[in-house]
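A.B. asks: Sharing a model that was predicted from the sequence below.
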Amino acid sequence: MASGVELAEVDLGIDEAPASASAAITCDRAVELVGFGSFHVWLTLILTLGNAADAVEVMSIGLVLPNLTHLSDADKGALTAAVFAGALVGAVAWGLAGDLVGRRPALVASLLLNGLSALASSAVGEHLGALCACRFFAGIGVAGANAVAFTLLPEFLPASRRGAGVVVLASGWMCGSVYSAAVGWIVIPKSGWRAFLAAAAAPALVAAAAAAARVPESPRFLCARGRGLEAAAVVRAVSRRTRSSRLHEGFRLRGTDAAGKPSEASRKFLFGENRRRLAAIWFALSFGWYGTMLWLPEAFARDKSSSSFRDSDANGRVSQRVYLENLLVALAAAPGNVASAFSVDAVGRVKTLLVGACGACASALAFAAVAAVSRDARAEMTAGDEKDDWFAFVLCACLFNALSVGGWNALDLLSAESFPTRARATALGILGAVGRVGAFAGTSAMGLVVGGSAG
């Protein structure tokens with residue numbers, strides 16, 4: 001498997017510490033000798049919260065759409081696509097910033113932009129242009145936090161913990177989806193969608209504060225930029241907080257990390273055929289996942305095959321049942337996260353990706369088949385005869401999300417391991433930008449489908 005061009009080349013033999021307290025070692029070797037401890041747990045939790053904040057910001061608009069009854073389907077499509085248009089810009093910009101300025105400042109700034117834009121969305125009212133502008137800037141923030149988080153975490157983790165760590169980080173998306181669905185269910189019916197968007201800003205703002213207070217700069221980045229003394233100080237501080245560390249206090253880093261200079265293999269990944277393959281996978285997964293998931297609440301709200309969707313109140317507000325379905329679909333990602341945490345190391349990144357993507361495709365086709373059968377059966381019903389297909393619809397949507405998340409976790413890890421330190425954030429930003437194009441296309445296409453099938 002062609003993965004881990006730089007990160008996987010680390011020497012895993014850590015039984016022996018450096019021969020002397022002043023021995024010069026590479027940054028990769030130092031990270032391995034430090035091992036895994038409480039610092040890494042906190043770092044993973046903070047970055048996972050940042051990833052969850054991204055999910056909240058992206059998924060929240062799907063819950064708001066059914067309540068914006070004054071907007072046309074085209075307007076709703078524009079509002080949904082605005083966040084991805086911003087993310088397209090932000091992915092490249094923040095990726096470059098992560099490689100030029102640093103992972104830490106890019107992470108904090110992008111999370112702040114995400115949270116502040118969400119607050120602004122809650123304050124501008126129902127004006128479409130203002131809402132789209134706020135969603136656009138939120139998208140810029142979303143793209144940065146996502147790209148930088150998946151760059152930063154693997155650079156602190158020893159190779160033996162990297163697969164599980166990145167899967168935990170990726171599971172933040174499920175946590176954010178659950179938070180969004182649960183808070184939407186509680187807040188929107190009682191306080192309205194604007195209060196919900198204000199609550200959606202909380203994870204990003206908390207993650208930004210935590211990252212500013214507790215997340216240091218990546219030692220691999222510092223080494224790659226020729227800042228070896230700073231890198232050594234970071235590694236030394238982490239080592240003090242890691243009980244199992246085998247690193248001598250007086251170690252020295254051997255100049256600039258050799259792995260920071262792209263090898264011939266890494267150049268092929270960054271500029272060759274494998275990059276195009278990764279980009280195609282990012283586009284395809286984003287097209288299918290975002291196009292389906294962001295329109296599910298609207299599709300559920302419009303579905304006429306089940307009486308459970310018809311109990312809107314006298315003011316035409318959406319049934320709370322829609323929020324229940326969204327919560328169930330979000331929770332369905334849990335088994336996908338657990339399974340992929342084991343499978344990425346047991347069977348490999350590529351096989352996990354293939355199983356997840358193919359399974360999600362089959363689930364989506366099953367969803368479409370249930371819809372078609374239900375529509376045909378409904379056309380033959382007599383007055384008063386009713387068929388409830390709620391369980392089948394929700395089951396297919398849950399399977400789709402559970403299998404998709406396994407594929408996404410494998411893709412995130414494979415992508416992070418496929419580029420050298422000096423280009424990693426930029427590369428992930430470019431892949432993220434390609435994904436945003438796919439998401440934009442997917443949500444726009446699904447908007448046409450949902451609008452065409454309304455009624």
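C.D. replies: Arrived safely.

A.B. asks: Okay, now the unreliable bits of the stretch 151-300 of the chain?
C.D. replies: 255-273, 297-300 (pLDDT under 70).

A.B. asks: Which parts of it are strands?
C.D. replies: 252-253 (DSSP state E, counting those that start in this stretch).

A.B. asks: Mind jotting down where the helices sit in it?
C.D. replies: With helices called from DSSP state H, counting those that start in this stretch, the stretch 151-300 of the chain shows them at 159-191, 193-200, 202-214, 219-224, 228-240, 264-271, 273-293, 296-302.

A.B. asks: for those helices, which one sits closest to residue 400?
C.D. replies: Across these, residue 400 has its closest neighbour in helix 273-293 (6.5 Å, Cβ to Cβ). Using the backbone N, CA and C atoms, a C-beta is placed for each residue, glycine as well.

A.B. asks: elements contacting that closest one?
C.D. replies: helix 38-64, helix 349-379, helix 390-416, helix 424-452 (3 or more Cβ pairs under 8 Å, 6 or more residues apart in numbering; DSSP states H and E).

A.B. asks: Secondary structure element holding the closest residue to residue 61 other than its chain neighbours?
C.D. replies: Once flanking residues are discounted, residue 61 sits nearest to residue 80: 5.8 Å by Cβ to Cβ, 6 or more residues apart in numbering. Assessed by DSSP states H and E, residue 80 sits inside helix 73-100.

A.B. asks: Tell me the buried residues in that helix?
C.D. replies: Residues 75-99 are the ones in helix 73-100 that count as buried (16 or more other Cβ atoms under 10 Å).

A.B. asks: Same check on stretch 51-69?
C.D. replies: Buried, per 16+ other Cβ under 10 Å, within stretch 51-69: 51-68.

A.B. asks: Can you give the distance from it to the centre of its chain?
C.D. replies: Its chain's C-alpha centre and that of stretch 51-69 lie 14 Å apart, by Cα atoms, centre = their mean, to the nearest Å.

A.B. asks: how far away is residue 339 from residue 198?
C.D. replies: In this view, residue 339 and residue 198 are 35 Å apart by Cβ to Cβ, to the nearest Å.

A.B. asks: Now do the SS call for residue 69.
C.D. replies: coil (DSSP: H, G, I helix; E, B strand; the rest coil).

A.B. asks: Need the nearest residue in space to residue 158, chain neighbours excluded.
C.D. replies: Nearest one to residue 158, counting by Cβ to Cβ, 6+ apart, is residue 32 at 5.0 Å.

A.B. asks: For the one you found, identify the helix or strand it belongs to.
C.D. replies: Per DSSP H and E: helix 27-34 holds residue 32.

A.B. asks: ok so, going back, rebuild the helices and strands packed on helix 273-293 as JSON lines, extending it with mean pLDDT.
C.D. replies: Below are the helices and strands packed on helix 273-293 laid out as JSON lines (pLDDT from 0 to 100):
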{"stretch": "helix 38-64", "mean pLDDT": "91"}
{"stretch": "helix 349-379", "mean pLDDT": "83"}
{"stretch": "helix 390-416", "mean pLDDT": "88"}
{"stretch": "helix 424-452", "mean pLDDT": "81"}
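
A.B. asks: now for these, which one comes closest to residue 225?
C.D. replies: That would be helix 424-452 among the helices and strands packed on helix 273-293, by Cβ to Cβ, at 12.2 Å.

A.B. asks: That closest one vs helix 273-293, what angle?
C.D. replies: On the basis of axes from the mean of the first three to the mean of the last three Cα atoms, to 10 degrees, helix 424-452 is oriented at 40 degrees to helix 273-293.

A.B. asks: mind listing what's buried in helix 424-452?
C.D. replies: In helix 424-452, counting by 16+ other Cβ under 10 Å, buried: 424-444, 446-447, 450.

A.B. asks: do the same with stretch 117-125
C.D. replies: 117-122, 124.

A.B. asks: Just give me the closest of these to residue 327.
C.D. replies: So of those, ranked by how close each gets to residue 327 (Cβ to Cβ), first place is residue 118, at 19.9 Å.

A.B. asks: Next, format the helices of the stretch 151-300 of the chain as a markdown table and append mean neighbour count and distance to residue 42.
C.D. replies: Formatted as a markdown table, the helices of the stretch 151-300 of the chain follow (neighbours: other Cβ atoms under 10 Å; distance: least, Cβ to Cβ, whole Å):
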| stretch | mean neighbour count | distance to residue 42 |
| --- | --- | --- |
| helix 159-191 | 22 | 12 |
| helix 193-200 | 22 | 24 |
| helix 202-214 | 20 | 6 |
| helix 219-224 | 28 | 16 |
| helix 228-240 | 19 | 11 |
| helix 264-271 | 16 | 30 |
| helix 273-293 | 19 | 29 |
| helix 296-302 | 22 | 34 |
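
A.B. asks: nearest to residue 135, of those helices?
C.D. replies: helix 193-200 (9.9 Å).

A.B. asks: hang on, the earlier thing: and the helices and strands packed on helix 273-293: which comes nearest residue 103?
C.D. replies: helix 424-452 (6.6 Å).

A.B. asks: now the angle from the closest one to helix 390-416?
C.D. replies: Going by the same axes, to 10 degrees, helix 424-452 makes 160 degrees with helix 390-416.

A.B. asks: Show me what helix 424-452 packs onto, helices and strands only.
C.D. replies: Counting by 3+ Cβ pairs under 8 Å, 6+ apart, helix 424-452 packs on helix 73-100, helix 128-156, helix 273-293, helix 296-302, helix 390-416.

A.B. asks: helices or strands next to the last one in the packing?
C.D. replies: Packed against helix 390-416, as judged by 3+ Cβ pairs under 8 Å, 6+ apart, are the following elements: helix 128-156, helix 159-191, helix 273-293, helix 321-331, helix 333-346, helix 349-379, helix 424-452.

A.B. asks: Buried ones in the fifth one, by neighbour count?
C.D. replies: Judged by neighbour count (16+ other Cβ under 10 Å), helix 333-346 contains these buried residues: 333-334, 336-337, 339-341, 343-345.

A.B. asks: same question, the fourth one
C.D. replies: Buried positions in helix 321-331, judged by neighbour count with 16+ other Cβ under 10 Å: 321-323, 325-331.

A.B. asks: could you give me the average pLDDT of it?
C.D. replies: Averaging pLDDT along helix 321-331 yields 80.

A.B. asks: ok, residue 134 - contacts?
C.D. replies: 117-118, 120-121, 124 (Cβ atoms under 8 Å, 6 or more residues apart in numbering).

A.B. asks: re the thing from before, from the buried residues of stretch 117-125, which is closest to residue 240?
C.D. replies: Checking those one by one against residue 240 (Cβ to Cβ), the nearest turns out to be residue 118, at 36.8 Å.

A.B. asks: Looks like the closest one contacts residue 196 (just checking).
C.D. replies: No: between residue 118 and residue 196 there is no contact under Cβ atoms under 8 Å: 10.1 Å.
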